[in-house]
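Trainee: Here is the input, now give the coordinates:
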Amino acid sequence: MSLVLSSQKKPIIYGQDTSKILEFLGVYLEDEFIGISLKNVLEISKILEIFPVPLTQHYIKGVINLRGEILPVVSVKEMVGVKETKEPTRLIVLETNLGKLAILVDSVYGVIKIPEDNLEPNPMTSIYSDYLSNVALTPKGFISIIDLDKLFPAREE
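Mentor: Predicted structure coming up:
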């Protein structure tokens, strides 16, 4: 029988997972499988009537009235320069550095749980790679994790 000194690592017990599990909402933008941190997702909604707002950026599609709360609607595809060929079917209401807003997505896959150890740095250099923090291999295929802090940076005052 050997003693474990306090300065040594504790032995790993078989069947005990020591890595942290992160949860993401898996969505599709065109044919890209994208993960959004579940911490930021407030709600998933069907497409509501979008009221255009003049003199805004091209990627701001307008505003919606979600149970009395007026929220801006953003097309992430237009924001990052992805050609839009598919019609969005869902709105994802998010809490961001800019406050609450809704983004348009083509479809929702569901919640994906990924061990933190499985996240790899983003190896891609595409038109939207500046907005991705990590990639991971899931049973559904590769998922690109979107960095909402880069996509919606806080305003400097």
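Trainee: Which residues does the most centrally placed residue in the chain form beta bridges with?
Mentor: Central residue check for the chain by Cα atoms, centre = their mean: the C-alpha nearest the mean position is that of Ile36, 1.7 Å away. Under DSSP bridges, the beta-bridge partners of Ile36 are Leu25.
Trainee: need the contact list for Asp149.
Mentor: Asn97 (Cβ atoms under 8 Å, 6 or more residues apart in numbering). Glycine gets a C-beta too; all of them are placed from N, C-alpha and C.
Trainee: and the nearest residue to Ser144 once chain neighbours are set aside, what does it touch?
Mentor: Excluding the flanking residues, the one nearest Ser144 by Cβ to Cβ, 6 or more residues apart in numbering is Leu132, at 5.0 Å. Leu132 sits next to 122, 124, 144-147 when contact means Cβ under 8 Å, 6+ apart.
Trainee: wait, doesn't the residue nearest to the centre of the chain sit right on Phe152?
Mentor: No: taking contacts as Cβ atoms under 8 Å, Ile36 lies outside contact range of Phe152: 11.6 Å.
Trainee: hmm, back to that, can you redo the contacts of Leu132 as CSV with neighbour count?
Mentor: Formatted as CSV, the contacts of Leu132 follow (neighbours: other Cβ atoms under 10 Å):
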residue, neighbour count
Asn122, 17
Met124, 11
Ser144, 20
Ile145, 22
Ile146, 25
Asp147, 15
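Trainee: By pLDDT, rank those and give me the bottom one.
Mentor: Among the contacts of Leu132, Met124 carries the weakest pLDDT, at 69.
Trainee: Which secondary structure element of the protein has the lowest mean pLDDT?
Mentor: The weakest-scoring helix or strand in the chain, judged by mean pLDDT, DSSP states H and E, is strand 120-121 (a mean of 87).
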